[in-house]
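Student: what follows is a protein structure lacking sequence information:
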């Protein structure tokens, strides 16, 4: 059967139906140049219901936005006969033949081919999922290591705890990352907002010295901070050599 117009399947409303592009139909019916908008308004937009009988599709052609209309096959047959052109009967008969072919029950061979196609797609999805699991395995182990530490730690202790064969992190690099990403100030003390939201805590102690009493501050990363920063640190340092 000669392919006069491409008949495809489209979702119109809530149903998947056999469909035709109205611009392709207009061209095949040889209705003239530059009259598509007028023809589609008079024969489709003013008569049929959008979302039931057709849908509008916007696309770009040479920098200009144009609207095409995807018709159900029944609407396409109706518009074909309304046109009363010399091509109308040929195109209508073609649509009827297409409909018969599309609605014909699948043969056993075709069913088997469809089954093979579905099985292949499922196998590809399984392979993709397995690959994703393997890729995420170091990250999962990393998060488990972090989550198991509920107490606040010195940052250097935290770095040592989360370093694995898959995630190479050094103390200096960790402090630099925390500063560069706005968690720590240049003196390695956390910004107040990250203390307030529970990522860090600062412990102060006073010590008597020959020159007077001094206050020493120690920054620790809380259990919450360890967990919240885990994936960000992993993504940045994974594969980075010391």
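Tutor: On my side now, so go ahead. Everything numeric here is computed off the predicted structure, so don't read it as measured data. Numbering: from 1, shown residues only.

Student: where does the chain have low pLDDT?
Tutor: 1-2, 106, 110, 132-150, 165-167, 238-242 (pLDDT under 70).

Student: quick one: the helices in it?
Tutor: For the chain, the helices defined by DSSP state H occupy 22-28, 36-40, 73-83, 88-103, 108-147, 155-162, 171-180, 192-196, 223-237.

Student: nearest to residue 54, out of these?
Tutor: Distance to residue 54, taken as CB to CB, is lowest for helix 73-83 among these, at 6.0 Å. Quick note: C-beta positions are derived from backbone N, CA and C, even for glycine.

Student: need the residues that contact that closest one.
Tutor: Outside helix 73-83, the residues that touch it by CB atoms under 8 Å, 6 or more residues apart in numbering are 7, 17-20, 22, 25, 29, 31, 43-44, 48, 53-54, 71, 88, 91-92, 95-96, 98-99.

Student: try stretch 185-200
Tutor: Stretch 185-200 has contacts (CB under 8 Å, 6+ apart) with 155, 175, 178-179, 182-184, 201-202, 217, 219-222, 224-225, 228-229.

Student: just the buried residues of those.
Tutor: By neighbour count, with 16 or more other CB atoms under 10 Å, these hold 155, 175, 178, 183, 184, 219, 220, 221, 222, 225, 228, 229 as buried.

Student: that older thread, would CSV of the helices of the chain with distance to residue 208 be doable?
Tutor: Shown next, in CSV, are the helices of the chain (distance: least, CB to CB, whole Å):
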stretch, distance to residue 208
helix 22-28, 88
helix 36-40, 90
helix 73-83, 92
helix 88-103, 92
helix 108-147, 37
helix 155-162, 26
helix 171-180, 29
helix 192-196, 27
helix 223-237, 32
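
Student: among those, which comes closest to residue 60?
Tutor: helix 22-28 (14.3 Å).

Student: list the buried ones in that closest one?
Tutor: Neighbour-count burial for helix 22-28 flags 22, 23, 24, 25, 26, 28 (criterion: 16+ other CB under 10 Å).

Student: state the distance from the first one to residue 10.
Tutor: By that I understand residue 22. From residue 22 across to residue 10, the span is 12 Å (CB to CB, to the nearest Å).

Student: between these two, which contacts overlap?
Tutor: Counting by CB under 8 Å, 6+ apart, the residues touching both residue 22 and residue 10 are residue 70.

Student: what residue spans form the domains of the protein?
Tutor: Using automatic domain parsing, the domain parsing of the chain gives 8-104, 143-237.

Student: can I get the ones you listed in TSV with distance to residue 116?
Tutor: Below are the domains of the chain laid out as TSV (distance: least, CB to CB, whole Å):
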stretch	distance to residue 116
domain 8-104	20
domain 143-237	38
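
Student: which among the buried ones among the contacts of stretch 185-200 gets closest to residue 37?
Tutor: Among these, and counting by CB to CB, the member closest to residue 37 is residue 228, at 56.1 Å.

Student: how about that closest one, nearest residue that isn't a chain neighbour?
Tutor: Residue nearest to residue 228 in three dimensions, not counting chain neighbours: residue 199, with 6.4 Å by CB to CB, 6 or more residues apart in numbering.

Student: how near is that neighbour to residue 176?
Tutor: Going from residue 199 to residue 176 by CB to CB gives 17 Å.

Student: got it, and residue 159?
Tutor: 12 Å.

Student: so the two - more neighbours on which side?
Tutor: residue 159 (20 against 12; other CB atoms under 10 Å).

Student: give the contact list for that one.
Tutor: Counting by CB under 8 Å, 6+ apart, residue 159 has contacts 169, 170, 171, 174.

Student: let's see 7 Å
Tutor: Contacts for residue 159 (CB atoms under 7 Å, 6 or more residues apart in numbering) come out as 169, 171, 174.
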